[in-house]
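**Student:** pasting the sequence and the predicted coordinates here, then a few questions.
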Amino acid sequence: MVATVVRPHGLDGTLKVKVESDNPDRFRAGSRLLINGPGPAASAAVERFVPQGRFGLLKLEGIDSVEQALALRNADLAVGEQELRPLPSGDYYTFQLLGLKVTSLEGLELGRVVQIETLPAGDIYLVQGPEGNFYVPARGDIIRQVDLERGTMVIDDQEGLR
């Protein structure tokens, strides 16, 4: 996700958005954004973008009225996977980790990653399992393997973790 629509701005379909990306190229004129909100997912080209700190004013092609802009309130704006820059080995995008099946070193299924929380000390992953929910810290040696192709995360199920 690169931004969230906050509200319309003006009458021409311009959107006030909360920016979630640190890559300014995400909003360059002509780039395409995926719109995930109410209704079916869609794609639109950026006409213009004016940054305003953590927010910005975004005009998308085909969104030309305040009514169309209102319909996008709270929608998430994202880029396609093909536009993501490669990450160093061992780093992952949030969307890649959500839904991973979590297993112990011994092969016991513990649940699935359902949420990622960002804290000052680092990210933690909320795992929802048959025996309840628990958190796995992203830092440290708890996570032993992430296999995106198989959709799994193997952890060291240490005492006190769950």
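**Tutor:** Great, that's in hand. Residues are numbered from 1 along each chain as shown.

**Student:** okay, and V46 sits in which element?
**Tutor:** Assessed by DSSP states H and E, V46 sits inside strand 42-52.

**Student:** and that strand, what's buried?
**Tutor:** By neighbour count on 16 or more other CB atoms under 10 Å, the buried set for strand 42-52 is 44, 46-47, 49. Yep, even glycine has a C-beta here, placed from its N, CA and C like the rest.

**Student:** any idea which of those is closest to Q128?
**Tutor:** Nearest to Q128 among these is A44, at 33.5 Å by CB to CB.

**Student:** report the contact partners of that closest one.
**Tutor:** 32-33, 35, 60-63 (CB atoms under 8 Å, 6 or more residues apart in numbering).

**Student:** pLDDT wise, what is it at?
**Tutor:** You'll see A44 listed with a pLDDT of 94.

**Student:** still on that earlier bit, so what are the sheet partners of the strand holding V46 and their directions?
**Tutor:** strand 32-36 (antiparallel), strand 55-60 (antiparallel) (DSSP bridges).

**Student:** any idea how far the last one is from the middle of the chain?
**Tutor:** Between the centre of strand 55-60 and the centre of its chain there are 19 Å (CA atoms, centre = their mean, to the nearest Å).

**Student:** before we move on, what SS does Y135 have?
**Tutor:** Assigned by DSSP: H, G, I helix; E, B strand; the rest coil, the conformation of Y135 is strand.

**Student:** repeat for E106
**Tutor:** State at E106, reduced to three classes by three-state DSSP: coil.

**Student:** give me the three-state assignment for the nearest residue to it once chain neighbours are set aside.
**Tutor:** The shortest distance from E106 to any non-neighbouring residue, by CB to CB, 6 or more residues apart in numbering, is to D157 (7.6 Å). D157 falls in the coil class when you classify it by three-state DSSP.

**Student:** and stretch 116-128, what's buried?
**Tutor:** 124-127.
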